[in-house]
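Novice: quick one: sequence plus predicted model below, questions after.
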Amino acid sequence: MANIVLSGIYKEFTSGRETHLAVDGLNLDVANGEFISLVGPSGCGKSTTLRMIAGLESPDRGRIFVDGRDVTAVPPQSRGLSMVFQNYAIFPHMTVRQNIGYGLKIAGMARADQEKRVREVARLVDIENLLDRYPRQLSGGQRQRVAVARAFARNPDIILLDEPLSNLDAKLRDQTRAELKQLHQRVGHTMIYVTHDQLEALTLSDRIAIMNKGVLQQFAAPSVVFQQPANLFVATFIGSPTMNIIPATLLHGEAHTAVHIEGWSASLPRGGSEWLGPTDVSAALVGIRPKDITVHDGHVEGRLPAVVTLMEPTGSDAILHLDADGRALVAQVADRFDFEPGDKVSLDLSLDHLHLFDVDSGLALY
Ligand code: ATP
């Protein structure tokens, strides 16, 4: 196990005449034995970040430390880490046993010890019975396990995983995700996991680093990025269905701030610890998650009037698409499947779960 510190990392790529800042001033501190995920949309710089930690790319500026040792210029094989790639990258001409033992052999481990260790890690990921097979004789899920076993074989301090589940079908993905989590709980390596799948990140990680356009947006525990998103990007990236965002005006009184959106207003206590940003701006964006909207039949005074445009039952609940005076909103309702397009409803927005974001910077205000 080891801790990792990224300090002021920049990485630029040049193709033709264009330069592109893939990672822009990244600082990250990963604790010993922690499982963290790097998430963000395609091209946000997460794989480049992982590759720099691995030593497969060098940062243009900044330093990388492992357990206090500056490894920025240290070659990949001397950093005490292993990597699992999206396409598994296992050798097709070698058996599972040879694939898992490859790094041990290169490291000069005695044959009997190699066999013992290969069996140990194969047991860890439940592929002991496949050791004599070739990769072509394995399913995608089994190949993925071989790749994970190989990464664990040399007992590295750090394991880096780049979208390791993306080639698996949905069911196998869920199962393998849970197994990875159990594996981490058992062996306790420091793990850095790259994914664009927020559910994977939320379920697996101790902390999630959310990136956009090379810039770190927030680095916190799953519950924190979900409940207290630092900005509009995080708020709309994390959570499904996506958080509703509604333009609003703010009117500040002595003790309260009134939030007005067309057809609805509410009063928030002013100056409390909930306020994260300036308390004197006159416009903001209200953020409310679909699960935090309660839908009532008919139009009721004081609630936001809306019309149902579509209902999507998901099995356990229903996603309601709504039109509130020209604004498209989404609500998630449990135990009710009787709404129909055209139904007039009114909405309660839970004040306990209301977010406000600055119109210009997108930073969380409340
Ligand atoms: P994805 O989820 O699609 O894999 P990502 O978040 O992992 O995306 P990166 O692969 O880190 O993104 O790429 C970040 C940016 O840097 C992208 O705009 C990409 O096109 C660019 N980039 C990455 N590698 C190179 C390279 N070798 N040469 C030029 N540009 C590159």
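Specialist: Perfect, thanks for sending it.
Novice: okay, now the closest residue to residue 38 other than its chain neighbours: neighbour count?
Specialist: Spatially, and ignoring its direct neighbours in sequence, residue 38 is nearest to residue 46 (4.0 Å; CB to CB, 6 or more residues apart in numbering). No exception for glycine: its C-beta is placed from N, CA and C like everyone else's. Residue 46: 27 surrounding residues under other CB atoms under 10 Å.
Novice: pretty sure residue 46 is touching residue 36, no?
Specialist: No: taking CB atoms under 8 Å as the definition, residue 46 is not a contact partner of residue 36, at 11.3 Å.
Novice: give the contact list for the residue nearest to residue 38.
Specialist: Contact partners of residue 46, counting by CB atoms under 8 Å, 6 or more residues apart in numbering, are 38, 39, 40, 194, 196, 211.
Novice: from residue 39, how far out is the fourth one?
Specialist: Right, residue 194. 8 Å (CB to CB, to the nearest Å).
Novice: which strands and helices lie in contact with the worst-scoring helix or strand of the chain on mean pLDDT?
Specialist: Every helix and strand of the chain was ranked by mean pLDDT, DSSP states H and E. The lowest is helix 170-187, at a mean of 86. Under the contact criterion of 3 or more CB pairs under 8 Å, 6 or more residues apart in numbering; DSSP states H and E, helix 170-187 touches helix 111-124, helix 140-153, helix 198-204.
Novice: show me what counts as buried in the shortest one.
Specialist: Neighbour counts over helix 198-204 (16 or more other CB atoms under 10 Å) mark 198, 200, 201, 202, 204 as buried.
Novice: what about the closest residue in space to residue 362 that isn't next to it in sequence, how many neighbours?
Specialist: Spatial nearest neighbour of residue 362, excluding adjacent residues (CB to CB, 6+ apart): residue 232 at 3.6 Å. If you count neighbours by other CB under 10 Å, residue 232 ends up with 21.
Novice: tell me how far residue 232 lies from residue 176.
Specialist: 33 Å.
Novice: what distance do you get for the residue in the stretch 251-366 of the chain that the ligand sits nearest to to residue 204?
Specialist: Nearest residue of the stretch 251-366 of the chain to the ligand (CB to the nearest ligand atom) works out as residue 362 at 19.7 Å. Separation of residue 362 from residue 204 (CB to CB): 27 Å.
Novice: show me what contacts residue 323?
Specialist: Per CB under 8 Å, 6+ apart, neighbours of residue 323: 306, 307, 309, 329.
Novice: and it, what element?
Specialist: strand 317-324 (DSSP states H and E).
Novice: just the helices in the stretch 1-150 of the chain please.
Specialist: For the stretch 1-150 of the chain, helices defined by DSSP state H, counting those that start in this stretch occupy the ranges 46-54, 96-106, 111-124, 140-153.
Novice: what's the average pLDDT for the strand or helix carrying residue 236?
Specialist: Residue 236 belongs to helix 232-237 when assigned by DSSP H and E. The pLDDT scores in helix 232-237 average 97.
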